[in-house]
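*Asks:* What shape does this take:
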Amino acid sequence: MGVPRLPEHLEVLLTDEPVLDVYAYGPWRVPDGLYEELRRRATAYNRDPRAIVLTRRLSDFYGTGTSAAGAEQWSLLTFLLGASALRGGSRGDVDYELLSDFLAVPEPPVRDPLAWFSQGGRWRPPALWLPEPAGHDPERRAVMLDLARAGLDVFEGLEPLEERRRALIGLFDRRADDPSARERDMAVPYDRLEDEWAADAPDAALAVLPELAGPVAYLGWACAGFGAAHERLVAVLGEGEPEPAALARLLLAAETGAVPAELAVALGTARYEELRERTRALRAAFAVEPWQRELRAWLARGLVAGEADACRAWLDMAVRITGAVQGLPDAATSPRCRLPVHHFQHDVRRLFVRRGVPNPLAGRLAPPAPAPAARGERAGAPQGFGARLVAVPSGDEREPGRARSTSGCRTSWTASSGPRRCARRSARPSPRRRTRGGPSG
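*Replies:* Reported below is the predicted structural model:
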């Protein structure tokens with residue numbers, strides 16, 4: 001019989017290669033020299049002369065040499081990664097890999113292959129830090145839009161983010177080519193620009209950038225993905241609680257208090273009421289650590305059943321839901337999350353990195369070959385207990401040569417059910433992701 005195998009596109013997670021693993025895309029081996037090139041681009045963009053006319057005060061998170069363009073890069077990258085989205089890999093701390101020099105207190109990136117990361121997603125097109133200093137001056141507005149569009153070129157080459165980057169480029173090009181849209185971009189109050197752009201985004205862009213549909217729609221999008229992944233795993237494994245119960249436990253772990261009213265819009269009133277009932281019923285007995293252990297074990301069974309992609313989708317959507325509900329009524333925030341992501345990533349290696357060790361007992365205690373049948377003995381005749389055969393005299397009531405077993409009993413053995421002790425490892429809190437301070441964007 002075969003042994004469980006990780007899908008081929010995930011096998012790079014079992015190596016020591018430099019990997020950026022955006023769960024929504026999949027693990028990606030970072031090409032040699034790419035991060036160094038992106039750092040050079042970001043540094044040059046931070047010093048772009050166009051940013052001089054857009055000078056503004058930044059938060060204390062950023063260093064004195066960071067311009068509004070540099071702060072824009074940080075916020076743009078977190079959006080490209082996905083609002084409250086899950087990522088890992090030994091090069092998964094990508095914002096600190098590329099932009100740490102812009103911070104007041106630079107930190108080295110985390111390169112633990114089992115670490116995981118998430119982030120908020122406050123940034124919205126056309127820009128976050130640049131519109132305010134541009135104000136209502138048409139010339140500065142034009143500089144702002146050109147500089148914001150150029151910022152997307154800095155991250156060219158990051159393949160897991162390319163689809164989202166291209167979708168944003170499409171929005172910029174669409175409005176630049178539309179005279180009426182360009183006119184509105186020059187006239188609308190700067191704090192309304194993001195609403196203008198989101199309302200004008202076509203459906204194809206929203207499919208790639210669901211955050212632009214607003215916090216409630218994004219929450220509904222994440223819940224839909226969570227439900228699909230959960231139902232898939234339940235169907236394949238033949239076990240697991242109903243999706244409303246799983247979502248209720250997720251909300252309890254997120255410590256959101258009452259079930260947010262926004263979920264009535266995201267799920268519909270019937271599912272919302274069911275979720276409220278489930279949450280009320282589970283609240284008193286809910287404890288985080290047992291939930292983490294049960295969830296980890298369930299996802300591990302999904303891994304060996306060949307459903308690694310569904311398990312990863314389940315976790316990604318669960319982290320997004322956590323950040324989305326914690327950010328309400330505003331955009332999804334950096335999630336304060338208790339999901340066992342670290343343990344899941346450990347289990348991927350634990351279950352699929354194998355080194356076979358032969359046991360000599362397997363050969364020494366192999367069962368002997370069956371002895372050949374004795375001469376005159378019918379092959380396959382039963383031996384031992386219950387096998388006594390009595391010849392039946394020939395007569396009208398029996399056919400000649402027939403034999404009848406005189407034993408009508410069937411013997412079975414029941415194993416002793418004496419006291420057993422189950423040794424369990426002491427429960428430990430789920431290791432946290434690397435928590436980063438910084439602005440919400």
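*Asks:* Distance from the helix or strand where Y272 lies to the middle of the chain?
*Replies:* Under the assignment given by DSSP states H and E, the secondary-structure element containing Y272 is helix 269-283. Once both centres are worked out by CA atoms, centre = their mean, to the nearest Å, helix 269-283 turns out to sit 24 Å from its chain's centre.
*Asks:* gap between G92 and G151?
*Replies:* As judged by CB to CB, to the nearest Å, G92 and G151 stand 22 Å apart. The C-beta positions use only the backbone N, C-alpha and C, and glycine is treated the same way.
*Asks:* Apologies, that question was intended for E241.
*Replies:* Distance, E241 to G151, using CB to CB: 45 Å.
*Asks:* which one of G92 and G151 has more residues nearby?
*Replies:* The residue with the greater number of neighbours, taking G92 and G151 and applying other CB atoms under 10 Å, is G92; the counts read 30 against 24.
*Asks:* And the strands in the protein?
*Replies:* Along the chain, counting by DSSP state E, strands occupy 19-22, 26-29, 87-88, 116-117, 389-391, 403-405.
*Asks:* Apart from its chain neighbours, what residue comes closest to the residue nearest to the spatial centre of the chain?
*Replies:* Against the mean C-alpha coordinate of the chain, by CA atoms, centre = their mean, the closest residue is D316 at 2.4 Å. Nearest non-adjacent residue to D316, counting by CB to CB, 6 or more residues apart in numbering: Y23, 4.0 Å away.
*Asks:* next one: F79
*Replies:* Closest residue to F79 apart from its sequence neighbours, by CB to CB, 6+ apart: W123 at 3.9 Å.
*Asks:* Give me the below-cutoff pLDDT ranges for the stretch 201-350 of the chain.
*Replies:* When residues are selected by pLDDT under 70, none of them lie in the stretch 201-350 of the chain.
*Asks:* got the residue ranges for the helices in it?
*Replies:* Secondary structure of the stretch 201-350 of the chain by DSSP state H, counting those that start in this stretch: the helices cover 203-208, 215-237, 243-253, 262-267, 269-283, 288-304, 308-327, 341-352.
*Asks:* hmm, who's touching the second one?
*Replies:* Right, the one you point to is helix 215-237. Applying CB atoms under 8 Å, 6 or more residues apart in numbering, the set of residues contacting helix 215-237 from outside is 83, 210-211, 213, 240, 243, 246-247, 250, 262-263, 265-267, 298-299, 301-302, 305-307, 310-311, 313-314, 316-318, 320-321, 324-325, 327-332.
*Asks:* Mind listing what's buried along stretch 115-134?
*Replies:* The neighbour-count criterion (16 or more other CB atoms under 10 Å) identifies 115-131, 133-134 as the buried residues of stretch 115-134.
*Asks:* Return the distance of that stretch from the chain's centre.
*Replies:* Distance of stretch 115-134 from its chain centroid, counting by CA atoms, centre = their mean, is 22 Å.
*Asks:* ok so, going back, I'd like the distance between the residue nearest to the centre of the chain and A71.
*Replies:* The span separating D316 from A71 equals 27 Å under the rule CB to CB.
*Asks:* T279 now?
*Replies:* T279 sits 39 Å away from A71, taking CB to CB as the criterion.
*Asks:* residues touching A305, list them.
*Replies:* Contacts here follow CB under 8 Å, 6+ apart; on that basis A305 touches 4, 236-237.
*Asks:* Repeat the analysis, applying 10 Å as the threshold.
*Replies:* Shown here is A305, whose contacts under the criterion CB atoms under 10 Å, 6 or more residues apart in numbering are 4, 233, 236-238, 311.
*Asks:* Show me the contact partners of the helix holding Y272.
*Replies:* Contacts with helix 269-283, where a contact means CB under 10 Å, 6+ apart, come from 223, 227, 241-249, 251-252, 256-268, 286, 291.
*Asks:* Now do the contacts for V53.
*Replies:* With contact set as CB under 10 Å, 6+ apart, V53 has these partners: 68, 133-134, 137, 139-140, 143-144, 147.
*Asks:* circling back to that earlier point, ok, T279 and A71, which is more surrounded?
*Replies:* Neighbours were tallied for T279 and for A71 using other CB under 10 Å; the higher tally belongs to A71 (24 against 21).
*Asks:* Lovely, talk soon.
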